[in-house]
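Trainee: would you be able to build a 3D model of this:
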Amino acid sequence: MTVIGIDDTDSRELGMCTTYLAAEIADRVSAEAAVERSLLVRLNPAVEHKTRGNAALAVHTDADPETAFEIAREEVAAVAETDDPRTNPGLVVAPESPEEVPDSVAEFACEAVRDRLAVADAEELIETAGYRSAGWKVGRGKIGALAAVGAWAAFGGGDDARPATDEGDSGGVARADWTYECISYRDPERVGTPREVDAESVFDAATAAYPAAWDTVDRETGELVCVPHTPGPILHGIRGDDPETVREVAEAIESEPVSHRALFVTNQGTDAHLRDGAIGEVEDGRAYRVEGTVADAPETRRGGHVFFELADPESDAEIRCAAFEPTKRFRDRVRALRPGDRIAACGEVSDGTLKLEKFAVRELNRTELATPDCPDCGRSMKSAGTGQGYRCRDCKTSADGKVECEVERELAVGWYEVPPEARRHIAKPLIRGGFDAPIHPEK
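Mentor: Next comes the predicted model:
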């Protein structure tokens, strides 16, 4: 077996897509050997040098390693958007089964999904493992390419997962949880023109396949989540839990001509980037799941962003949490939080702020201090003066101070998430299940 890994070949401004390049490589390789699968690996979404999805790709084949390397190198050189100063492609070819990569390579893949790595780290490991590689410009893509080579073993592809890199990562073991995406590509001559996709057919197909296929549309806003807005060769991408479903949805969509389709096994929708952490120990550039108590009332600031402080009940540590404007109606869920609510919060940490992807209400503060009512007439008492409690002027009754009363809450115990149009590729939709509390999914 041979594993071909590639990364960092696309551009935010100029377009292209590394999945397209992987599909082209797989097509060329399949003319000479069998291709077992193509793997789409979403890496750490918090790293600075990334495109929106931060995807690395691997092709698993029984092609001769030398042949595979030459084909892949030719395709990267021909297609990668190297005119973009941010694009620094990398290619790694491993002459072994994806299940049999060294533990060090599997661990590197875990780190790439949850941490920040350097090109020098990848190059040293590539040399130690005896892999062939190529880099363009600074070769930053070698990091993702090597991670793509190790991902199948790291995250339990057909076997038990390898040990993760530290005890804080999901209990110390990378979890096996693969999903699928069927990507339909445009005719090359149409790339750069407006996409022609029939919205009604997308919604019909999405409704028929839900929840096995997810994040196809946003039913609240009418957004076609599966259709990208950026320049590039993708017409639409359908994500779900099994290959048959995503293929069927893709084929049911009425659109401009499809050049070709490719099926990818992927870690999308799995929360593979999250690590369990304590509020006082989180670091920028990583994504966490932390538990705490809401310390102040959420505040909506300029631009529509919502902020609040989350406190660790075991220490004095606090972290600012944010629901930014693109998360739309999710902000209403955040605004409904009150001081004293106990929650779990998930998201990337940047500049000391946790950018919320989802949160779970563990316990709601259902009481508040209020001015007491008169026990005789039922009217609200008035202040009797500083430090003198409250008094009913008509009935002459009195109370020492404010009293606790129960309040209605908009929230219930359980998990809340950003809407489909705002979800990170790697973040797990609640509808996929496996959460530790009731779910309130967005559709």
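
Trainee: what about Leu369, which SS state?
Mentor: The local conformation at Leu369, judged by DSSP: H, G, I helix; E, B strand; the rest coil, is strand.

Trainee: that one against Glu404, yeah?
Mentor: Yes: with contact defined as Cβ atoms under 8 Å, Leu369 reaches Glu404; the gap is 6.2 Å. Quick note: C-beta positions are derived from backbone N, CA and C, even for glycine.

Trainee: and the pLDDT at Thr82?
Mentor: Looking at Thr82, its pLDDT is 79.

Trainee: check contacts around the residue nearest to it when sequence neighbours are not counted.
Mentor: Leaving aside its chain neighbours, Thr82 sits nearest to Trp136 (5.5 Å; criterion: Cβ to Cβ, 6 or more residues apart in numbering). For Trp136, the contact set (Cβ atoms under 8 Å, 6 or more residues apart in numbering) comprises 76-77, 80, 82, 88-90.

Trainee: repeat that for 10 Å
Mentor: Going by Cβ atoms under 10 Å, 6 or more residues apart in numbering, Trp136 touches 8-9, 73, 76-77, 80, 82, 87-91, 142.

Trainee: with Gly352 instead?
Mentor: 282-284, 319-320.

Trainee: what do you get for Ala205?
Mentor: Here Ala205 is in contact with 213, 216-217, 226, 238, 248-254 (criterion: Cβ under 10 Å, 6+ apart).

Trainee: and what about it, helix, strand or coil?
Mentor: Ala205 is classified as helix under three-state DSSP.

Trainee: you'd agree Ala208 is in a helix?
Mentor: Yes: assigned with three-state DSSP, Ala208 falls within a helix.

Trainee: okay, now it: neighbour count?
Mentor: For Ala208, the neighbour count with other Cβ atoms under 10 Å is 13.

Trainee: and for Ala129?
Mentor: 20.

Trainee: would you agree it is in contact with Gly150?
Mentor: Yes: contact between Ala129 and Gly150 holds when scored by Cβ atoms under 10 Å: they sit 9.4 Å apart.

Trainee: shared neighbours, the two?
Mentor: 92, 94, 101-102, 104-105, 108.

Trainee: okay, now the unreliable bits of the stretch 151-300 of the chain?
Mentor: By pLDDT under 70, the weakly predicted segments of the stretch 151-300 of the chain are 158-176.

Trainee: re the thing from before, which PyMOL command selects the buried ones in the shared contacts of Ala129 and Gly150?
Mentor: Typed into PyMOL, the line below selects the buried ones among the shared contacts of Ala129 and Gly150, using 16 or more other Cβ atoms under 10 Å:
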select buried, resi 92+94+101+102+105+108
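
Trainee: need the shared contacts of Ala129 and Gly150 in TSV with pLDDT, can you?
Mentor: Converted to TSV, the shared contacts of Ala129 and Gly150 look like this (pLDDT from 0 to 100):
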residue	pLDDT
Val92	98
Ala94	98
Val101	97
Pro102	97
Ser104	97
Val105	98
Phe108	98
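
Trainee: buried stuff in stretch 43-58?
Mentor: In stretch 43-58, the ones that count as buried by 16+ other Cβ under 10 Å are 43-47, 50-51, 53-58.

Trainee: how about stretch 364-380?
Mentor: 364, 372-374.

Trainee: swap in stretch 217-234?
Mentor: Applying 16+ other Cβ under 10 Å to stretch 217-234 flags 217-218, 223-228, 230-234 as buried.

Trainee: ok, longest strand in the chain?
Mentor: For the chain, the strand with the greatest residue count under DSSP state E is strand 353-363.

Trainee: which elements pack onto it?
Mentor: strand 286-294, strand 306-311, strand 318-323, helix 330-335, strand 342-350, strand 414-417, strand 439-440 (3 or more Cβ pairs under 10 Å, 6 or more residues apart in numbering; DSSP states H and E).

Trainee: swap in 8 Å and give it another go.
Mentor: strand 286-294, strand 318-323, helix 330-335, strand 342-350, strand 414-417 (3 or more Cβ pairs under 8 Å, 6 or more residues apart in numbering; DSSP states H and E).
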